[in-house]
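Novice: with the input below, show me the fold.
(one chain, ligands or ions: 1)
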Amino acid sequence: MALALAAFAASACATAEAATPTQVGIRIHYSRFEPNRIEVRAGVPITFTIVNEDPIDHEWLIGDASFHERHRTGTETAHGDRPDEVSLPPRTTKTTTLTFAPGTYTFICHFPGHEAYGMVGVLVAKG
Ligand SMILES: [Cu+2]
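Specialist: The predicted structure follows:
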């Protein structure tokens with residue numbers, strides 16, 4: 001798994017040199033997102049492959065400030081049927097595809113304590 005992911009990350013980097021990627025790999029390791037800063041093009045579908053390597057549940061929620069405010073105070077314990085809200089049970093991989101308007105978005109795990117610990121990343125969609 002680790003080797004396969006390393007290969008995937010390497011190819012994503014190679015793509016990034018020519019243009020911004022349409023395939024983005026995100027690793028969750030020790031309750032951190034890697035990478036935690038991503039740049040993509042606005043207006044084109046971006047496919048994220050998110051790998052939770054941890055033995056605990058996480059989630060990957062992406063949106064603007066008001067989206068996250070709703071989730072900080074939300075009571076939903078599981079997500080999964082919306083492309084911008086991905087539940088990641090221990091040691092699972094999920095894929096989701098989103099198209100962004102130009103802007104800056106954050107992706108956060110809203111499990112108690114996880115955001116404060118540092119499960120936060122930034123995605124910039126350039127128009
Ligand atoms: Cu988490």
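Novice: and residue 41, how many neighbours does it have?
Specialist: Counted with other Cβ atoms under 10 Å, the neighbours of residue 41 add up to 16. Where you see a C-beta, it was placed from the backbone N, CA and C, and this is true even at glycine.
Novice: now it: closest residue in space, sequence neighbours ignored.
Specialist: The spatial neighbour of residue 41 that comes closest, neighbours along the chain excluded (Cβ to Cβ, 6 or more residues apart in numbering), is residue 20 at 4.8 Å.
Novice: residues from this structure in reach of the ion?
Specialist: 58, 109, 111, 114, 119 (Cβ under 5 Å from the ion).
Novice: hey, where'd the helices end up in the protein?
Specialist: 2-18, 65-72, 114-117 (DSSP state H).
Novice: of the residues of the chain next to the ion, buried ones?
Specialist: For the residues of the chain next to the ion, a burial check counting by 16 or more other Cβ atoms under 10 Å picks out 58, 109, 114, 119.
Novice: so how far is residue 115 from the second one?
Specialist: Translated: residue 109. 7 Å (Cβ to Cβ, to the nearest Å).
Novice: what bits of the chain have low per-residue confidence?
Specialist: Low-confidence segments of the chain (pLDDT under 70): 1-19, 75-81.
Novice: tell me which stretches of it form strands.
Specialist: 23-28, 33-34, 37-41, 45-52, 58-63, 85-88, 93-99, 103-108, 120-126 (DSSP state E).
Novice: so can I have a markdown table of those strands showing distance to residue 71?
Specialist: Below are the strands of the chain laid out as a markdown table (distance: least, Cβ to Cβ, whole Å):
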| stretch | distance to residue 71 |
| --- | --- |
| strand 23-28 | 17 |
| strand 33-34 | 16 |
| strand 37-41 | 19 |
| strand 45-52 | 17 |
| strand 58-63 | 6 |
| strand 85-88 | 8 |
| strand 93-99 | 16 |
| strand 103-108 | 7 |
| strand 120-126 | 12 |
